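J.: pasting the sequence and the predicted model now:
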Amino acid sequence: MSAFPMILIAVILYNLVYFGGAVAGHHDMQAVLDQSFALKMFSGDVWRVTASDLLELLTLAMLFIEIIRAARSNSREILNHAFSMLTFCVALVEFIVLKGFSTSAFFMITAMCLFDVVAGYTISIISARRDLAVLPLSDR
């Protein structure tokens, strides 16, 4: 389970909402994402929170978890990086090719998938360099 990229949860959730709505006869994903509720703030302002906002917040939380997990250096993390790359590729293809996926919300999810891939590899490389720098000269 630790090799499973957490950000895939957001991609799967978007797919479930879209394809589930299509089965139920709702074909307009943007209308689903634009559904909102209002929160009255102490200042008196009204904050409108959309389904898109909540989905992007969930994706950011998953990205945070993925970045923390990328700091570990074991063989499962290499598998996690590979699955993260696969997740990004699937999300990019869905964004470009599938009807209903060319929304700002899914673009942000796809961008966060890309950030997950780049951050994961970058953090792993930096960690590996640091681990190598700790070795005494006689062991190199």
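T.: Arrived safely, thanks for sending.
J.: how near is residue 122 to residue 13?
T.: Residue 122 sits 26 Å away from residue 13, going by CB to CB, to the nearest Å. Any C-beta I mention is one placed from the backbone N, CA and C, and that applies to glycine too.
J.: who's more crowded, these two?
T.: residue 13 (15 against 12; other CB atoms under 10 Å).
J.: give me the buried positions along the helix or strand the more buried one falls within.
T.: Residue 13 belongs to helix 8-23 when assigned by DSSP states H and E. Across helix 8-23, burial judged by 16 or more other CB atoms under 10 Å covers 8-11, 14-15, 17-18, 21.
J.: go on, stretch 67-83?
T.: Quick answer for stretch 67-83 (16+ other CB under 10 Å): 69-70, 77, 80-81.
J.: which residues of this structure fall in helices?
T.: 8-23, 29-33, 51-70, 75-97, 104-134 (DSSP state H).
J.: tell me the mean pLDDT for stretch 40-52?
T.: Across stretch 40-52, pLDDT averages out at 94.
J.: quick revisit: same list (the buried residues of helix 8-23) but as TSV, adding pLDDT and distance to residue 103.
T.: Below are the buried residues of helix 8-23 laid out as TSV (pLDDT from 0 to 100; distance: CB to CB, whole Å):
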residue	pLDDT	distance to residue 103
8	93	18
9	93	18
10	93	13
11	94	13
14	93	9
15	92	13
17	89	11
18	89	9
21	76	13
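J.: closest to residue 58 among the residues you listed?
T.: Among the buried residues of helix 8-23, residue 10 lies closest to residue 58 (CB to CB), at 5.6 Å.
J.: which residue, other than its chain neighbours, is closest to the closest one?
T.: Excluding its sequence neighbours, the residue lying closest to residue 10 (CB to CB, 6 or more residues apart in numbering) is residue 59, at 4.0 Å.
J.: what pLDDT does the one you found get?
T.: Reading off the model, residue 59 has pLDDT 95.
J.: thought it was touching residue 7?
T.: Yes - using CB atoms under 8 Å, residue 59 is in contact with residue 7, at 6.5 Å.
J.: where do the contact lists of those two overlap?
T.: The contact sets of residue 59 and residue 7 overlap at 109, 112 (CB atoms under 8 Å, 6 or more residues apart in numbering).
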